[in-house]
Every structure is written in structure tokens, then in C-alpha cells.
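Colleague: this one's sequence-less:
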Ligand SMILES: C[S@@+](CC[C@H](N)C(=O)[O-])C[C@H]1O[C@@H](n2cnc3c(N)ncnc32)[C@H](O)[C@@H]1O
């Protein structure tokens, strides 16, 4: 229970290792785990069915692979774990034949949590797995022959890798595979994990009947395209976790009230107002290429990111994967570029929230610009001016093929708004509305006026639909 409440993982018992280019990373036992033990929580944003449908349209397959939907109290919910937040639950791979864990829904203070429990004793070094429960995941047929050769420290056999890459490409299909609800039972037999009962449960052993009666989770997409397949050009990156409509209804009111009670007037929304984006520099007529990128792992800026990643973070799974490709190869460059983009995005989100530091744009402007005129692309996470974003998104290489994009400027902005941080003083719903308003003096007044913000928060809490009221 402690780990669920404190949102931590059992780092002393578990570790993430890079397995191979097809399977990606996996979670492994660092020590022995007993049958029935809580292993790890599948953490992420909890979102409603409506929000799930919205994100499904926007997400690239690689992000959608981290969406798990389930039924709870008669409604469909989803845990969106697409954000690389360092949590372990999202790393656990599928094994439909001999899984050593099982997913269960746990009720903690009225909120559902998805947790893995050991189905049998797990030995040190064993990979943690559970049955994703779908019927036709591509790896179940494609990977059978390679599974036995998989090692946790790298690719087993390059010829196997290229074979599976070939299969992966052949079977490529960006359209989301719809999962049906037959496995998504809404179990009333949720484990009562209030503090009083949790200790009992976690020291107990899960019986077979418990397992059978509980719900399984299903990923919405069955195919994780390899990163290097997605990264055709340097406009790459992963989709971020999108922070909107993520709160189950029973929590919405209290969050809205918390927001309205905050004494800090519009701190985060104001913060971006002071942030600038530096212009590129020139020496004579020549442009100086001195842009620095932020490291995803140590958060420091570097001009030579590839060199830095190789020398300082070679054991991070994504870096290890990049380095497994030949020097100067296209794949290696793409994988490193992907890491670089995510580092810049993490840095930009922090700057936007704190109002301190400088934003790193996709391209530096000719003249210093205001941070509030920039937004992240919902697909590649590059930072673009609001004007250019519209054009960029039509050609962004990470745009899901299944969703032909014909958006106007406004629609693009509303899609991308979720990639920025939510100001601490307002609800996600209100922030969504304000952020897509035309950036003019009236909008500035609204977003900086505590009375208006409070009023909207109260309305939001009352009817749960602030968007339609504004
Ligand atoms: C929730 S993620 C699991 C973590 C993922 N391996 C990673 O490195 O981020 C689900 C994705 O992992 C991959 N995966 C899961 N189980 C697999 C398996 N048994 N064989 C091959 N790939 C698997 C699939 O690409 C799937 O879309």
C-alpha cells in the first residue's frame, strides 16, 4: 500500500533492463518475490472514456501502446502511461503463456489503481510479465522464434533483429486496433485497500479464485513501432502525457475547490509571460550554430548531446539502444535525436511552469521572442511559434497516419495545448479553455484575474463542464 500511496516503486526488488530492439525494455526482479506479493503499480494519468477517445486520435502508436482501459463502477476509464516518467509499471511486457503476475484493480480512497501481483514465486533475474489478454498482438506470432534467444543485456542475434524488424515493417499498421470489452469486466470484488485492510492483503497470498474474478487490462494498440521507424527526420520525439480531463468525477470537485482556495494568484500562467526565446546569433553574416540541448537524464544543457549521452548515460535503456546501432548510421542518429527532443521538452515544461530559464525552440527565431507565443507540437514535442505550428503539424513526421489532419489554426492549438504544463492555480479543464483563446489583451486579463479564475473553478466543480460555459 505504501508504494501505491507514495507513488513509488520497489526499486530494491525491481530493475529496468534493455532487452532488445523489438521488445524494448522490460522489468526484472532484483531479488526474489513471493507468490501473492504486490509487485508494481501501472501508474499514469487516469482519464475518462471521452478523453481516451480524444487522445486515441492524436496519439502515435508508440504512445498509444501505453494506454490501458478498464471498467470501474460501470464506466470505462483508462490509465495513460505514455509519459516517460521513470515508473516501472509501464515497462512490464506481455506474456500470455506463462505470466508471473496478474493485474488487479485496487480501490484506494475511492480511486482505482492498477496493480500487478505475483502469480507464483519469482526468482531473482526473472522478467516480470503479465497477460495483456488481447488475441492478436503481433509479437505473439512474430516473436515466438526469437523469444528464446532474448537476453536482457542487448540483442541476441543481429540477424534475428533484422528479421523481426522486417516483420514489423511488413505488419505495420498505424490504425489503432480496437479492443473489445469482453475482458474488461467491472469487478465488484475490488480489493479493499484502505490502510486498515491493506496490510492484511499484501501479506496474504493471492488465491486462484481471486485472480479469475478480477479484471484484466487491455492495451488499446497492439503494435509498438520501433522508435527508429518513427523518426524519419529530425522532427521527432515522443508524445507527452496529456494532462486534461484526467480526474475521475468524484475528485473533480475537491480539486477545483483546492484551486480556488489557492492564495497564489495565477502563478504558472503568469510565469510564461516573462519567459523569452532567444534569437540565433550571428557572426558577421554567418549564423553561429551554438544551440544547446537539455539532457533528458541530468537536465543540464549540452552542445554535443550525442557525445554527452554516450559518455554519461550509456546505461540508460534508450541510450543503450541508440548505441547498439552502428556509428553514423541513420538509426543511431534518429534514436539519439528522439532522446534529445524529449530532454528539451522536459526542460521547456519546467521553464513554462516556473517562469525561470529560457525555452529551447525547434528553431531559434531571428529576433528574441515571447515564450507565450510558442507551443509544443502534440506529435513530435518540438516547440514552435503558434503561427508556424499550424503549418508544421500538417507535415510532422510523427503525425499518426490513421488520423489525416485537416485542422485550422485553432484546432491545432487546442490539440497541442495538452502538451504544456497545467498552471498550478487552475483546473485542467479551465486551462484548456483559456489556453486556446486568442492571445490578446482580453485573454491576458482573464488569465491573470483571480476572481475570474475562481469563479470558473467553482462553475467547473458545479457542472463539470466549464468548457461549454466559456
Ligand atoms: C507497455 S509497453 C511495455 C514496455 C516496452 N517494452 C518498452 O520498452 O517501453 C508495451 C509494448 O512493449 C512491447 N512488448 C510487450 N510485450 C512484448 C513481448 N512479449 N514481445 C515483444 N514486444 C513486447 C510491445 O511493443 C508493446 O506495444
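Modeller: Nice, I can see it. What you are looking at is a predicted structure, and each value in this text was computed from that prediction instead of being measured. Residues are numbered from 1 along each chain as shown.
Colleague: Residue 311 sits in which helix or strand?
Modeller: Assigned by DSSP states H and E, residue 311 belongs to helix 305-312.
Colleague: Now do that helix: which elements does it pack against?
Modeller: Helices and strands touching helix 305-312, by 3 or more C-beta pairs under 8 Å, 6 or more residues apart in numbering; DSSP states H and E, are helix 317-323, helix 330-354. All C-beta spots, glycine's among them, are computed from the backbone N, C-alpha and C.
Colleague: of all these, which lies closest to the ligand?
Modeller: In terms of C-beta to the nearest ligand atom, the element of these nearest to the ligand is helix 317-323, at 6.9 Å.
Colleague: What are the contacting residues of the closest one?
Modeller: By C-beta atoms under 8 Å, 6 or more residues apart in numbering, the list of residues contacting helix 317-323 from outside reads 16-18, 21, 24-25, 154, 227, 309-310, 313-314, 332, 335-336, 338-339.
Colleague: Considering only these, which also neighbour the ligand?
Modeller: Filtering these for neighbours of the ligand using C-beta under 6 Å from any ligand atom leaves 24-25.
Colleague: wait, which of the helices and strands packed on helix 305-312 is closest to residue 49?
Modeller: The closest of the helices and strands packed on helix 305-312 to residue 49 is helix 330-354. By C-beta to C-beta, the value is 26.5 Å.
Colleague: by contact count, what packs against that closest one?
Modeller: Here helix 330-354 touches helix 227-230, helix 267-273, strand 293-294, helix 305-312, helix 317-323, strand 383-385, going by 3+ C-beta pairs under 8 Å, 6+ apart.
Colleague: Which secondary structure elements does whatever helix or strand comes next after that helix sit against?
Modeller: Counting by DSSP H and E, the next helix or strand C-terminal to helix 330-354 is strand 369-370. With contacts taken as 3+ C-beta pairs under 8 Å, 6+ apart, strand 369-370 sits against strand 276-277.
Colleague: Can you tell me which helices and strands the strand it packs on packs against?
Modeller: Using 3+ C-beta pairs under 8 Å, 6+ apart: strand 276-277 touches strand 369-370.
Colleague: near the ligand, which residues of the protein?
Modeller: Proximity of the chain to the ligand (C-beta under 6 Å from any ligand atom) is limited to residues 22-25, 65-66, 90-91, 93-95, 139, 143, 224.
Colleague: Kindly supply the PyMOL command isolating those of the residues you listed that are buried.
Modeller: Selection of buried members from the residues of the chain next to the ligand for PyMOL, criterion 16 or more other C-beta atoms under 10 Å:
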select buried, resi 22+23+24+25+65+66+90+91+93+94+95+139+143+224
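Colleague: Any chance of JSON lines for the residues of the chain next to the ligand, columns secondary structure?
Modeller: JSON lines is the format used below for these (DSSP: H, G, I helix; E, B strand; the rest coil):
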{"residue": "22", "secondary structure": "coil"}
{"residue": "23", "secondary structure": "coil"}
{"residue": "24", "secondary structure": "strand"}
{"residue": "25", "secondary structure": "strand"}
{"residue": "65", "secondary structure": "coil"}
{"residue": "66", "secondary structure": "coil"}
{"residue": "90", "secondary structure": "helix"}
{"residue": "91", "secondary structure": "helix"}
{"residue": "93", "secondary structure": "strand"}
{"residue": "94", "secondary structure": "strand"}
{"residue": "95", "secondary structure": "coil"}
{"residue": "139", "secondary structure": "helix"}
{"residue": "143", "secondary structure": "coil"}
{"residue": "224", "secondary structure": "coil"}
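Colleague: Let's have the residues of the chain next to the ligand in TSV, adding pLDDT.
Modeller: Formatted as TSV, the residues of the chain next to the ligand follow (pLDDT from 0 to 100):
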residue	pLDDT
22	77
23	82
24	82
25	86
65	82
66	88
90	93
91	92
93	94
94	93
95	93
139	84
143	51
224	26
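Colleague: which regions of the stretch 351-470 of the chain sit below the pLDDT cut-off?
Modeller: The stretch 351-470 of the chain contains residues with pLDDT under 70 at 398-426, 428, 431-432, 434-441, 444, 447-448, 460-470.
Colleague: All the helices of it, in order from the start?
Modeller: For the stretch 351-470 of the chain, helices defined by DSSP state H, counting those that start in this stretch occupy the ranges 386-395, 409-416, 428-435, 441-448, 450-463, 466-469.
Colleague: what's the fifth one packed up against?
Modeller: In this structure, helix 450-463 makes packing contacts with helix 249-261, helix 428-435, helix 466-469, judged by 3+ C-beta pairs under 8 Å, 6+ apart.
Colleague: quick one, what contacts residue 28?
Modeller: By C-beta under 8 Å, 6+ apart, residue 28 lies in contact with 14-17, 125-128, 152.
Colleague: how about a cut-off of 10 Å?
Modeller: 13-17, 19, 88, 91, 122, 124-128, 152 (C-beta atoms under 10 Å, 6 or more residues apart in numbering).
Colleague: So which of these is the closest to the ligand?
Modeller: Using C-beta to the nearest ligand atom, those come closest to the ligand at residue 91, 4.7 Å.
Colleague: How about the secondary structure of the closest residue in space to that closest one that isn't next to it in sequence?
Modeller: The shortest distance from residue 91 to any non-neighbouring residue, by C-beta to C-beta, 6 or more residues apart in numbering, is to residue 27 (4.7 Å). The assignment at residue 27 comes out as strand when based on three-state DSSP.
Colleague: cool, and residue 55?
Modeller: With three-state DSSP as the basis, residue 55 sits in helix.
Colleague: That one: neighbour count?
Modeller: Residue 55 has 25 neighbouring residues, counting by other C-beta atoms under 10 Å.
Colleague: How about residue 313?
Modeller: Residue 313 has 17 nearby residues by other C-beta under 10 Å.
Colleague: Looking at it now. What's its pLDDT?
Modeller: Looking at residue 313, its pLDDT stands at 87.
Colleague: Distance-wise, check it relative to the ligand.
Modeller: Noted for residue 313: a distance of 16 Å to the ligand, by C-beta to the nearest ligand atom, to the nearest Å.
Colleague: right, and residue 377 touches residue 361 too?
Modeller: No: taking contacts as C-beta atoms under 10 Å, residue 377 lies outside contact range of residue 361: 11.1 Å.
Colleague: So between these two, which is more surrounded?
Modeller: residue 377 (26 against 22).
Colleague: and the more buried one, what are its phi and psi?
Modeller: In terms of degrees, to the nearest 10, the main-chain angles of residue 377 are phi -70, psi 130.
Colleague: if I look at residue 377 and residue 361, which residues touch both of them?
Modeller: Shared contacts of residue 377 and residue 361, defined by C-beta under 10 Å, 6+ apart, comprise 383-384, 388.
Colleague: just the strands in the stretch 51-200 of the chain please.
Modeller: Here the stretch 51-200 of the chain has its strands, by DSSP state E, counting those that start in this stretch, at 67-72, 75-80, 93-94, 101-108, 111-118, 129-130, 191-192.
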